[in-house]
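Enquirer: Pasted the sequence and its predicted model underneath.
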Amino acid sequence: MITFEHLQKTYPARGTGAPVQALADIDLTVERGEIYGIIGRSGAGKSTLLRTVNLLEKPTSGRVLVDGVDMTSLSARELREARHSIGMIFQHFNLLSSRTVFDNVALPLELAGVGKAKIREAVEPLLDLVGLTDKRDRYPAELSGGQKQRVGIARALASKPKVLLSDEATSALDPETTTQILHLLADINRRLGLTIVLITHEIAVIKEICHKVAVMEGGRIIEQGPVFDVFAHPKHPTTHTFVDPVINRGIPDALRGRLSATEVPGSNMVLRITFTGERATSPVISAISRKLNLDLNIWHGQIDEIQGAPFGTLVVEAIGNPQSIEAAISLLKVNKLGVEVLGYAVPGNLRAAV
Ligand SMILES: Nc1ncnc2c1ncn2[C@@H]1O[C@H](COP(=O)(O)OP(=O)(O)OP(=O)(O)O)[C@@H](O)[C@H]1O
């Protein structure tokens, strides 16, 4: 539905400053019907990337294709037309304070010259969809933040877009309202098959509703893929800093302090084994222990949930000869379990910690 091809954006120098390269060679595809989350720290280039989709920001080079149409090649009139199929919602809602809820939602249709009866036909179901039928004659100042964003969503849907762009739409809301708005977006995605691209600096937003995620840093995408895969096996250190606080893949601090990065005489290897819902670990682990005559002492374990699928982590201390341990690691991998060496620990220290 949306393809970014070799997309670059450099903002010209301001005053005595240097030009800013906000986007550096972005290649990304968002499939139809997906909720695609883009996460990154402040200044990573998220807003710039999102705003190239409807050409609020013109790329310096490269292309943006929306439903097969190269947005960078359109005339001003064609671009106005194309923008009807791309809705957008904002952190600060961008509502007109002098218009009622109904009139805010109706605005894009009025601007497109749609008649009064047709506007009513379009707006009333949208107010129902976002749960604001009883607020239709209220003004923005009389609404809560969550209600204002519901108006923003209804207004964005008024021109029946194929794509909805969400620019930090929940950043100004409290956690409970954030969850309600995210559920509304997920519901709209399911009911209308709408493709949603959202930018956020909050990993909880990605975890809650996105199917896929791209992590941005310094104008580049440093990691991307299905949310489950990126959360379960983050590769880039920046992805770790986002994911680790919400997916507890780690070990308790008291135990972590007893790990050393290098092997010392008498120490045992400590492994982290990760598994997804379909894989039962304990029969595999006990079979491997028996077969190779080694002990895999479970040190710490837990199960998280990513997008409704269980994701488990076990930290084990491997006690046996080095060849058996190497063979065990291979066998765990053959059984499609994730294995990482966390470090080494002296058994006495471990027992003290447990
Ligand atoms: N109009 C502009 N002129 C010059 N530089 C800009 C402009 N807009 C953004 N930038 C710069 O481009 C880089 C990317 O900015 P962008 O707003 O896309 O990042 P972001 O990831 O959305 O950040 P935030 O989460 O803070 O909004 C930053 O260094 C920013 O200062």
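Expert: Happy to help now that I have it.
Enquirer: Need the residue closest to the centroid of this structure.
Expert: In the chain, the centroid-proximal residue (CA atoms, centre = their mean) is Ile206; its distance is 3.2 Å.
Enquirer: Test for you: state the pLDDT assigned to it.
Expert: Note on Ile206: pLDDT of 93.
Enquirer: and what of the one 4 residues further on?
Expert: Here the pLDDT value assigned to Cys210 is 95.
Enquirer: That one reaches Val227, doesn't it?
Expert: Yes - using CB atoms under 8 Å, Cys210 is in contact with Val227, at 5.3 Å. Every C-beta, even on glycine, is put in place using the N, C-alpha and C of the backbone.
Enquirer: Which one of these two is surrounded by more residues?
Expert: Under the criterion of other CB atoms under 10 Å, the comparison of Cys210 against Val227 puts Cys210 first, with 27 against 22.
Enquirer: measure the more buried one to Ile203 for me?
Expert: 10 Å (CB to CB, to the nearest Å).
Enquirer: Need the residues touching each of these two.
Expert: Counting by CB atoms under 8 Å, 6 or more residues apart in numbering, Cys210 and Ile203 have no shared contacts at all.
Enquirer: Name the surrounding residues that touch stretch 295-306.
Expert: 207, 227-228, 231-232, 247-248, 251-252, 255, 270-271, 285, 288-289, 310-320, 328, 350, 354.
Enquirer: what about the residue nearest to the centre of the chain, which helix or strand?
Expert: helix 203-209 (DSSP states H and E).
Enquirer: Please apply the same query to Thr178.
Expert: Using DSSP H and E, Thr178 sits within helix 175-192.
Enquirer: so what does that helix touch, helix or strand wise?
Expert: Contacts defined by 3 or more CB pairs under 8 Å, 6 or more residues apart in numbering; DSSP states H and E place helix 175-192 against strand 35-40, helix 145-157, strand 163-167, strand 195-200, helix 203-209.
Enquirer: one more time with 10 Å
Expert: If contacts are counted by 3 or more CB pairs under 10 Å, 6 or more residues apart in numbering; DSSP states H and E, helix 175-192 sits against strand 35-40, helix 116-129, helix 145-157, strand 163-167, strand 195-200, helix 203-209.
Enquirer: Mind putting those into a markdown table with distance to the ligand?
Expert: Shown next, in a markdown table, are those (distance: least, CB to the nearest ligand atom, whole Å):
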| stretch | distance to the ligand |
| --- | --- |
| strand 35-40 | 5 |
| helix 116-129 | 28 |
| helix 145-157 | 18 |
| strand 163-167 | 8 |
| strand 195-200 | 6 |
| helix 203-209 | 13 |
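Enquirer: so which of the ones you listed gets nearest Ile181?
Expert: Closest of those to Ile181 is helix 145-157, at 5.4 Å (criterion: CB to CB).
Enquirer: now the angle between helix 175-192 and that closest one, please.
Expert: 20 degrees (axes from the mean of the first three to the mean of the last three CA atoms, to 10 degrees).
Enquirer: in the chain, which spans are helices?
Expert: All helices of the chain, identified by DSSP state H, fall at 46-53, 76-83, 101-111, 116-129, 145-157, 175-192, 203-209, 227-232, 237-243, 253-256, 281-292, 322-334, 347-353.
Enquirer: How is this protein divided into domains?
Expert: According to automatic domain parsing, the chain comprises the domains 2-243, 253-353.
Enquirer: Mind telling me which of those domains the model trusts least?
Expert: With a mean of 81, domain 253-353 has the lowest mean pLDDT of those.
Enquirer: just to revisit the earlier point, and for Cys210 and Val227, which residues touch both?
Expert: Here Cys210 and Val227 have 35-37, 307 as joint contacts, going by CB atoms under 10 Å, 6 or more residues apart in numbering.
Enquirer: Could you pick out the residues of the chain near the ligand for me?
Expert: Within the chain, the positions near the ligand by CB under 6 Å from any ligand atom are 11, 20, 22, 40, 42-48, 201.
Enquirer: Please tabulate the residues you listed in TSV, including the columns neighbour count and distance to Gly343.
Expert: As requested, these are exported to TSV (neighbours: other CB atoms under 10 Å; distance: CB to CB, whole Å):
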residue	neighbour count	distance to Gly343
Tyr11	14	44
Val20	15	40
Ala22	22	39
Gly40	24	30
Ser42	7	33
Gly43	14	34
Ala44	24	31
Gly45	24	35
Lys46	23	35
Ser47	19	40
Thr48	22	40
His201	14	31
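Enquirer: Which two among these are spaced furthest apart?
Expert: Spanning the widest gap among the residues of the chain next to the ligand are Tyr11 and His201, at 20.2 Å by CB to CB.
Enquirer: what bridges to the closest residue to Cys210 other than its chain neighbours?
Expert: Closest residue to Cys210 apart from its sequence neighbours, by CB to CB, 6 or more residues apart in numbering: Gly37 at 3.5 Å. Counting by DSSP bridges, Gly37 is bridged to Leu198, Val213.
Enquirer: quick one: Gly37 and His211, what's the gap?
Expert: For Gly37, the distance to His211 - CB to CB - is 8 Å.
Enquirer: And Pro234, by the same measure?
Expert: From Pro234 to His211 the distance is 17 Å (CB to CB).
Enquirer: again with Thr200
Expert: Taking CB to CB, one finds Thr200 at 14 Å from His211.
Enquirer: The two: which is more packed in?
Expert: Each of Thr200 and His211 has its neighbours counted (other CB under 10 Å); Thr200 has more, 23 against 19.
Enquirer: you'd agree the more buried one is up against Gly37?
Expert: Yes - Thr200 lies in contact with Gly37 (CB atoms under 10 Å); the separation is 6.3 Å.
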